[in-house]
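**Student:** Sharing a model that was predicted from the sequence below.
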2 protein chains.
Amino acid sequence: MFGGQNFQNEKAIAVIKIRAKLLHAARRWLDENGYVEVHGPTLVPAVGYWLGHFEVKYFDKKAYLVQGLQPYANVFVAWLGKIYTIAPAFRAERVRTQRHLTEFWRIEVAQQCELDVMIEVQEKLVAHICHSLSKEAVEMLECFDRSVMDLEGVQTPFPKLTYDEAIDLLQRDGFNVSWGQTLDWELEKHLSHRFSQPFFITKFPISIETFFHKSDPEKPELTLSVDLLAPEGYGEIGSGAQRITEKKVLLQKMAEEKINPADQQWYMSFMQRRAFPHSGFMIGLERLIQWICKLKHIEEAVVFPRLSDSVYS
Amino acid sequence: MFGGQNFQNEKAIAVIKIRAKLLHAARRWLDENGYVEVHGPTLVPAVGYWLGHFEVKYFDKKAYLVQGLQPYANVFVAWLGKIYTIAPAFRAERVRTQRHLTEFWRIEVAQQCELDVMIEVQEKLVAHICHSLSKEAVEMLECFDRSVMDLEGVQTPFPKLTYDEAIDLLQRDGFNVSWGQTLDWELEKHLSHRFSQPFFITKFPISIETFFHKSDPEKPELTLSVDLLAPEGYGEIGSGAQRITEKKVLLQKMAEEKINPADQQWYMSFMQRRAFPHSGFMIGLERLIQWICKLKHIEEAVVFPRLSDSVYS
């Protein structure tokens, strides 16, 4: 009835309880480590960071549903140093896979730091979540094919490979991929099957990244970016990057992406006075739950799933 | 720059920190008292509970932005008994007052109980929030005109007056109001100035309530409903009710309100099998903060306020 057609109540209830425990664990770690909880807007005026925004009739104007805390994160980070938000986000992509929701919740963290520090924060947070659930969600996990040992065994630092290494590895494994290509679902799945715990892929080419990701000073064709992948074929559950903080560079990138800086005026004037290193990441809550509970379809990770092609309750 | 035109950074930062502490305090109380945190959808298919929904282009369909956890709350309550959510909500009202945001966050609580129990939960939760902030937000509160003593002094049970008593009182104070009328902002403000701590108004006439509020068995012209008001002229910060749980009554009310039960089919078939007493309430987070910080404009209670008539960042 809810949470996918053939999903029993018992499992749906276990998912809800695991989600609540997961949120507890995440907040506990973030609070204890000095991150301030914030809320950014859901209704945003401009599009441009990603494709596939939902359009909202905002009186006689148009607004869009948010995809993440950028660029608002930068204001919070400037004021508070270390912040997090747990809030809904939206992607109007007409894809119907086992891992796409049009509405999902995200855990986003941002702080004044270089990417290396941010990666360490992300792995510690995810490990803390896994370890907490292995102790606090034993009974609920029994509803699924997941052993608590798997979660207990998640270790930091997480395995890391660069995008370049990932391409090499895929080519050696017989995939017809070339450098510069997006790692699509099939490629991600293959990589993901080679690991037994969450891992990172870092430094994606600048051509496939969103415009506000900072270039690698050592190799400007790469970005200081990172994806978090779940093992066992589940693939991407999070992504992050160090942000561009030089106004000149940002304006140049906006021009390349045909984004009108006038639509981002408040942010451009804010940026002018704030050029500190700043990184952040986002974890998709339902994707994390999908992996933790070993769910086939992401729609089983939420009670009232929103999908691109199904009538919804 | 943010949070209203003439609002300094120092105050904006204090508001963010108070908001974070407030959320902590609320969750702590709810978790300790056995409420399970849940997330309902933001994109909803049908309109009808209140006026002023924002319309979203959902591929080739229409969707709307949610105004609260109803009717989804009922499913969570059926499965879990006691639940809460902290999430954004939206009202497309073209009003520009000191206390209206088009996007706001809400703390919503629901459980299998009669209204009396729900009122007690609400006053305990709000008192716990006030007491916690009086201890944990001392420094931040110094940025505002609010003494910690005011928050420390909030006592349960909260003062309660019925709608009938409120009308009597307003008439005695010289207002030209008649029974059955909505308590508009001016009337609410007047009542609110008579109190020095949060208080309740209960049992509103059925004619001015949303359709799923249960009638008072003793006086069917009244509903088992309750508004939470802040003192000192701030007015409504929350509302709640006991919900209709008999399918027959709900269908009749839907017909009166010209709501098509076909749009609510999943819910109607769910209701058929679940007729337990069920109450819930919602507290507007920014309104609560506005009162706590004694802010003139609600737009000062959030960093990126969404208003009906202003261009937004």
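**Tutor:** That came in fine, so what should we check first?

**Student:** Quick check: the gap between whichever residue of the stretch 151-300 of chain A sits closest to chain B and residue A:131.
**Tutor:** Per Cβ to the nearest Cβ, residue A:266 is where the stretch 151-300 of chain A lies closest to chain B, at 3.8 Å. For every residue, glycine as well, the C-beta is placed using N, CA and C. Residue A:266 sits 41 Å away from residue A:131, taking Cβ to Cβ, to the nearest Å as the criterion.

**Student:** helices and strands around the helix or strand harbouring residue A:236, which ones?
**Tutor:** With elements taken from DSSP states H and E, the one containing residue A:236 is strand A:235-242. Packed against strand A:235-242 by the contact rule (3 or more Cβ pairs under 8 Å, 6 or more residues apart in numbering or on different chains; DSSP states H and E) you find helix A:115-136, helix A:185-193, strand A:225-230, strand A:279-284, helix A:285-292.

**Student:** Please name the bridge partners of residue A:279.
**Tutor:** residue A:111, residue A:242 (DSSP bridges).

**Student:** what's the burial count for it?
**Tutor:** Around residue A:279 there are 28 other residues, counting by other Cβ atoms under 10 Å in any protein chain shown.

**Student:** quick one on the thing from earlier: let me have the helices and strands packed on strand A:235-242 in CSV, extended by mean pLDDT.
**Tutor:** Below are the helices and strands packed on strand A:235-242 laid out as CSV (pLDDT from 0 to 100):
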stretch, mean pLDDT
helix A:115-136, 98
helix A:185-193, 95
strand A:225-230, 97
strand A:279-284, 97
helix A:285-292, 98
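
**Student:** how about these in a markdown table, adding distance to residue B:14?
**Tutor:** Below are the helices and strands packed on strand A:235-242 laid out as a markdown table (distance: least, Cβ to Cβ, whole Å):
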| stretch | distance to residue B:14 |
| --- | --- |
| helix A:115-136 | 26 |
| helix A:185-193 | 43 |
| strand A:225-230 | 33 |
| strand A:279-284 | 23 |
| helix A:285-292 | 29 |
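
**Student:** Can you give the distance of the helix or strand just after the strand holding residue A:236 from its chain's centre?
**Tutor:** Per DSSP H and E, the first helix or strand lying C-terminal to strand A:235-242 is helix A:247-256. Relative to the centre of its chain, helix A:247-256 is centred 24 Å away, using Cα atoms, centre = their mean, to the nearest Å.

**Student:** can you check stretch A:58-71 too?
**Tutor:** Mean C-alpha position of stretch A:58-71 versus that of the full chain (Cα atoms, centre = their mean) differs by 19 Å.

**Student:** OK, contacts around the closest residue to residue A:37 other than its chain neighbours?
**Tutor:** Spatial nearest neighbour of residue A:37, chain neighbours left out: residue B:20 (4.4 Å); criterion: Cβ to Cβ, 6 or more residues apart in numbering or on different chains. Each residue near residue B:20 by Cβ atoms under 8 Å, 6 or more residues apart in numbering or on different chains is listed here: A:36, A:37, A:38.

**Student:** now residue A:153
**Tutor:** Contact analysis of residue A:153 by Cβ under 8 Å, 6+ apart lists A:196, A:197.
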